[in-house]
Every structure is written in structure tokens, then in C-alpha cells.
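Undergrad: Here's a sequence, model it:
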Amino acid sequence: MADFKNEFSWSYSRDVLFKECKREYYYNYYGSWGGWEKNRADSVTRTLYVLKNLQNRWQWKGSAVHDEIERILKELVSTGKLTPLDKSKERVTEIMRSDFRSSRNGSYWNKSGSLRNEPGLYEHEYRPEIPDQIWKRNYDEVMLCLDNFYESSVIEEVSSLPKEVICSIESMTGSYFSFNTELYYVKLDLAYSIGDSIKIYDWKTGSGDANDLQFLIYALYALEELDFDLDKISVTELNLFENYTRIHTFTQEQIDYARNYINQSIDGMKSYLSNQEENEANMTNFPRTEDRKTCELCKFQKICFDLD
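TA: Now for the predicted structure:
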């Protein structure tokens, strides 16, 4: 891991963070680099790495749902058998209890290596007053999302599919698209082909409207990397919390917009680098946001203003 190079890549989530706060973006993608080596990283790098991996309770809810759906679908595809809903709920309950105890004890500070499977919760790190009923509501919403998933058409669809038509189940895929030489990361919750068409699913676990750009990026990936015609690509937005489905299709004008947006986003990110070819960054080139509401919810708030 010591020789692992920090190479530039683009993703929808990276773009969101860049627009939110340039300093937070620096901490997340540059300042924390190498912090997984607990006994070798300096104290600042290690602290930034640990804080980077915190999740707030809403993100934790989303991860719990996505991770369980991934387990359900992969078991279904590999064995042909569906995990019963009550067993799925029992499994998630035990995982969430273990995660909560581990986070409350601060175990994530002591683990070396990747922290992806050792979640720390923002609420435990910064200890705002969170009543038990709020945690219970978070858990209940996970259970509601699972109920709605089992009642959806997805399981029946996947049950009838041959394994070879499954393009993705919760896989983070890196690709080089033809319109730009940079590396892009796209995560498809579920994608499968039917003849010359592809159907992509995206699970949502919160309220409010999603950003259509995210769906455009999925379509762009299917168009450029998987080589499907644009009129054969659809993205199904399945909101498991509010229990609704929306199907998105795309025009060439929208795809052109996505390409242009991504190129401009990359140019913007790289303009802050001290050495673009080597993807090197200097913290002082990345100013803090002036929106103090953003600061109040930032994972890095305990160290940010100590670093200048």
C-alpha cells in the first residue's frame, strides 16, 4: 500500500464534494492519503483519514440498505434461492447493532488498513444530543426500505434472468471514456441486459428529488463503456423510503450536456492542483467554504481550523 499512487479520477460524489467545500475536498482526496497505515502515517494524515470515513446516520441507513440488497441479489443469482424477508431483517439488525456498538466505542480509531468495514458514526465522534427514538427511527426506516424492496418487482425480474445478462450488482466500476482521457468511477446498483437493451436500477433511501445528472452519468457509462444504443438505455429510480418508481430515458442533448459538464468539472478540479500531471495538491490552494452551515455538518470540523 505504501507505493499506491494517488491518481486523479472523476465521480459524481467527488463533484458534489468539490462544489460543497474546496478544503473538505482536499482533506478527503489528498490530505487523508496514506492514512490507512495507522503506524506509519503522521498524526494529521491519520486523523483526516479516520474522519473521512465517518458516516452520519442517514448515510449509515443508506449503506445498510444497499449492502443488504447486494447480499440478497448476489445470493439469488448464485444459488437461485431468495433469502426470506425475516432472515434478511435479522441479518441487518445484527450488523447494525454491531456497527453501532463498535462506533460508540470508537473502535474505528484503532483499526489499521481500510475502514470501509469498520464504520464510525459522525454522531458518536462529535456527540451531538441524539435521543434513542431518533436512532430507532433510523433503524425503522431501514426495515421499511427492505419491506418495500421485497414488495417491488425487482426480485421477480432478477429471478427470471440468466446469470450472464447481469451487468452489475452494486459494483464500483472504473472506466476511461472516449470523450475524455481521465478515469471515471461509476457505481451501478443493478444493471442487466435484455436483448439489445439495458435496464439500470438505482436505489434511493431518503426523501426528496434526486439529481438527474447522476442518472445521465449511468446512461453515459452504458453508452460509452457497455456499448448500448441510447434509445435502448433506461434507468429506474426506485425510492425504497417513499416507495415510488420513476423510469428515466435520455436524449442526445442530455448526453452532450453530461459530457460537457464532466469536462468542465474536471477542468475545475485540476485548476486547483499544484502539479496536474502528478495529481499533487497544496492545501492552501483549497479555500474553506464561507457557508458555516456546511461547516457544522462537516466530518473534518474538529481539525479543519487547526490546519493552515
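
Undergrad: what's around residue 206, how many residues?
TA: 15 (other Cβ atoms under 10 Å). Using the backbone N, CA and C atoms, a C-beta is placed for each residue, glycine as well.

Undergrad: Look at it and tell me its secondary structure.
TA: coil (DSSP: H, G, I helix; E, B strand; the rest coil).

Undergrad: mind listing what residue 96 touches?
TA: 60, 64, 139, 142 (Cβ atoms under 8 Å, 6 or more residues apart in numbering).

Undergrad: Spatially nearest residue to the third one (excluding sequence neighbours)?
TA: Once its chain neighbours are removed from consideration, residue 139 has its nearest residue in residue 96; the separation is 6.3 Å (Cβ to Cβ, 6 or more residues apart in numbering).

Undergrad: Just the buried ones among the contacts of residue 96, please.
TA: Taking 16 or more other Cβ atoms under 10 Å as the criterion, what is buried in the contacts of residue 96 is 60, 64, 139, 142.

Undergrad: what are the ranges of the strands in this protein?
TA: 9-11, 54-55, 120-121, 166-176, 183-194, 197-204, 233-239, 244-248 (DSSP state E).

Undergrad: The residue nearest to residue 112 when sequence neighbours are not counted: neighbouring residues, count only.
TA: For residue 112, ignoring the flanking residues on the chain, the nearest one in space by Cβ to Cβ, 6+ apart is residue 38 at 3.8 Å. By other Cβ under 10 Å, the residues close to residue 38 number 15.

Undergrad: swap in residue 228?
TA: Burial of residue 228 is recorded as 19 neighbouring residues (other Cβ under 10 Å).

Undergrad: could you give the angle of the longest helix belonging to the chain to strand 233-239?
TA: Of all the segments of type helix in the chain, defined by DSSP state H, the longest one is helix 57-79. Using axes from the mean of the first three to the mean of the last three Cα atoms, to 10 degrees, the inter-axis angle of helix 57-79 relative to strand 233-239 is 120 degrees.

Undergrad: Quick check: which helices or strands does helix 57-79 pack against?
TA: Contacting helix 57-79 under the criterion 3 or more Cβ pairs under 8 Å, 6 or more residues apart in numbering; DSSP states H and E are the following elements: helix 85-104, helix 132-151, helix 154-159, strand 166-176, strand 183-194, strand 197-204.

Undergrad: before we move on, the earlier item: among the contacts of residue 96, which two are most distant?
TA: 60 and 139 (9.9 Å; Cβ to Cβ).

Undergrad: and stretch 279-295, what's its mean pLDDT?
TA: Stretch 279-295 comes out with an average pLDDT of 95.

Undergrad: Span of stretch 108-126 from start to end?
TA: 14 Å (Cα to Cα, to the nearest Å).

Undergrad: what comes up buried for it?
TA: The neighbour-count check on stretch 108-126 (16+ other Cβ under 10 Å) flags 108, 111, 115, 118, 119, 120, 121, 122, 123, 124, 125, 126 as buried.

Undergrad: again with stretch 284-294
TA: Within stretch 284-294, the residues scored as buried using 16+ other Cβ under 10 Å are 286, 288, 289.

Undergrad: So which of the residues you listed are in helices?
TA: Going by DSSP H, the helices hold none of the buried residues of stretch 284-294.

Undergrad: Looking at these, which one is closest to residue 164?
TA: The closest of those to residue 164 turns out to be residue 286 (Cβ to Cβ; 45.3 Å).

Undergrad: List the residues that contact that closest one.
TA: 22, 23, 25, 26, 272.

Undergrad: Next step: those restricted to helices.
TA: 22, 23, 25, 26.

Undergrad: Dump the residues you listed to JSON lines, plus distance to residue 5.
TA: Formatted as JSON lines, the ones in helices among the contacts of residue 286 follow (distance: Cβ to Cβ, whole Å):
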{"residue": "22", "distance to residue 5": "23"}
{"residue": "23", "distance to residue 5": "23"}
{"residue": "25", "distance to residue 5": "19"}
{"residue": "26", "distance to residue 5": "18"}
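
Undergrad: got JSON lines for those residues, with pLDDT, neighbour count and distance to residue 254 too?
TA: Formatted as JSON lines, those follow (pLDDT from 0 to 100; neighbours: other Cβ atoms under 10 Å; distance: Cβ to Cβ, whole Å):
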{"residue": "22", "pLDDT": "98", "neighbour count": "18", "distance to residue 254": "28"}
{"residue": "23", "pLDDT": "98", "neighbour count": "21", "distance to residue 254": "32"}
{"residue": "25", "pLDDT": "98", "neighbour count": "22", "distance to residue 254": "26"}
{"residue": "26", "pLDDT": "98", "neighbour count": "25", "distance to residue 254": "31"}
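
Undergrad: circling back to that earlier point, just the buried positions in the longest helix of the chain, please.
TA: Quick answer for helix 57-79 (16+ other Cβ under 10 Å): 57, 60-66, 68-73, 76-77.
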